[in-house]
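Enquirer: here is the input, now give the coordinates:
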Amino acid sequence: MKKRVFLFVLDSFGIGEAPDAAAFGDAGANTIASVATSDKFQVPNMAKLGLFNLDGVACGQPVEAVSGGCARLHELSMGKDTTIGHWEIGGIVSPRPLPTFPDGFPADFMAKYEAAVGRKCLCNKPYSGTQVLVDYGMEHMETGALIVYTSADSVFQVAANEALVPVQQLYEYCQIARNMLTGELGVGRVIARPFVGDSPETFKRTANRHDFSLDPPAETMLTVLERNGLATISVGKIFDIFNGANVSESNRTTGNDHGMQVALEMLDRDFEGLCFINLVEFDMTYGHRRNIPGYAQALTDFDRFLDKFLPAMGPEDVLMITADHGCDPGFLKTTDHTREYVPWLVYGAPVKAGVNLGTIDGFTAIAGTVCEYLGVETDLRKASCWDKLKA
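Expert: A predicted model of the protein is given here:
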């Protein structure tokens, strides 16, 4: 039988403030605790996998016998953004944070960018992705100027109405920005944010978002797996986060439901290797918008999806569930990501039941374990926990 790992990243599902949360302005953040206050939060499958048995998780009811292995992971990289979090899951620890621009991008850079794309730009400051359309959308429609904004993350975001700027043209504008944003300006992601509508009341972002990322600065588990002839299948924005590096197949999705459906279909596919899935709506739709009931319902929907996924797994399939950072919908000091521990739930016939590994330093444990289980030799295996997890 072919060995396969299905790695789900529940984007932003943190489980409590990290030891250095205060240094990031996130003291007291706890995504799972906030979400658990909603009566929409029902996750019996993840409970059996050990979610409420994890160190520091005080909500929910622990189970007597965890059905697989579980751990709480502490991020070692100096960041709380999507790119750095996924890179660490892939095996790279980033000792320096990617640059952020709380006062907007430098005027000289913006002048060069406007000249390069042949359009003026509006905003150029940290902003909510939905509010920026309300405040600048009509001016964009009237002038054709691009809406450029950032956040507390290392991002350069460009919004434009699809009726005014075709999606492919917006992608070209973003690729120009990606090529220009290097060195001290080297943000983790340039993000195309197309929207539709003709008034502040009707403006709405579409599913045609596209991220233009930096290349990973070192080998990741994707590099090693592809080099060894194994599949590296992306579902959701994984392809974008790793800038396509060593991804053998990309499956773009329109949201969580689509991503889960693609993952379910992958169980019937004939491949050996890794299926790496990002479910972005926890973060994008609910975390940043500080929507506790919506976040809770999204987790419940994922847990119900496991009702279908778990019984359909093959005898050599391993399921892993984790996150890349927090985005506490109950943390009202900001609307940004929060520096938190993340869960790591591991399940499948090859996994020993009842294993709680406590707290592990480094999301890199995931890359190491994936590589060892799939039988590839790499230094990433130094962080592996497979010896403790295997049945």
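
Enquirer: beta-bridge partners for Leu279, please?
Expert: Leu279 forms beta bridges with Leu10, as assigned by DSSP bridges.

Enquirer: now do it, the pLDDT please.
Expert: Confidence at Leu279, expressed as pLDDT, is 98.

Enquirer: hmm, Phe13 and it touching each other?
Expert: No: applying Cβ atoms under 8 Å, one finds Leu279 not in contact with Phe13, separated by 9.1 Å. Backbone N, C-alpha and C define where each C-beta goes, glycine included.

Enquirer: so which residues of the stretch 151-300 of the chain form strands?
Expert: 155-161, 189-196, 204-205, 210-213, 231-235, 249-251, 273-279 (DSSP state E, counting those that start in this stretch).

Enquirer: name the stretch among those that sits most buried.
Expert: Each of the strands of the stretch 151-300 of the chain was scored by mean neighbour count; the highest is strand 273-279, a mean of 27, by mean count of other Cβ atoms under 10 Å.

Enquirer: contact partners of whichever helix or strand comes after it?
Expert: Downstream of strand 273-279, the first helix or strand assigned by DSSP states H and E is helix 281. The contact list for helix 281 (Cβ atoms under 8 Å, 6 or more residues apart in numbering) reads Asp11, Gly255, Asn256, Ala298.

Enquirer: change it to 6 Å
Expert: Contacts with helix 281, where a contact means Cβ atoms under 6 Å, 6 or more residues apart in numbering, come from Gly255, Asn256, Ala298.

Enquirer: write the ChimeraX selection for whichever of those are buried.
Expert: Buried residues within the contacts of helix 281, by 16 or more other Cβ atoms under 10 Å, are selected in ChimeraX with:
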select :256,298
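
Enquirer: weakest of the strands of the stretch 151-300 of the chain by average pLDDT?
Expert: Among those, strand 210-213 scores lowest, at a mean of 92.

Enquirer: what is that one packed up against?
Expert: On a contact count with 3 or more Cβ pairs under 6 Å, 6 or more residues apart in numbering; DSSP states H and E, strand 210-213 meets helix 167-180, strand 189-196, helix 238-241.

Enquirer: quick one, helices of this protein?
Expert: 31-35, 44-48, 82-89, 107-117, 131-143, 167-180, 221-227, 238-241, 256-266, 281, 292-312, 364-373, 386-389 (DSSP state H).

Enquirer: now the contacts of helix 281 as a markdown table including pLDDT and distance to Cys385?
Expert: Shown next, in a markdown table, are the contacts of helix 281 (pLDDT from 0 to 100; distance: Cβ to Cβ, whole Å):
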| residue | pLDDT | distance to Cys385 |
| --- | --- | --- |
| Gly255 | 95 | 32 |
| Asn256 | 98 | 28 |
| Ala298 | 98 | 28 |
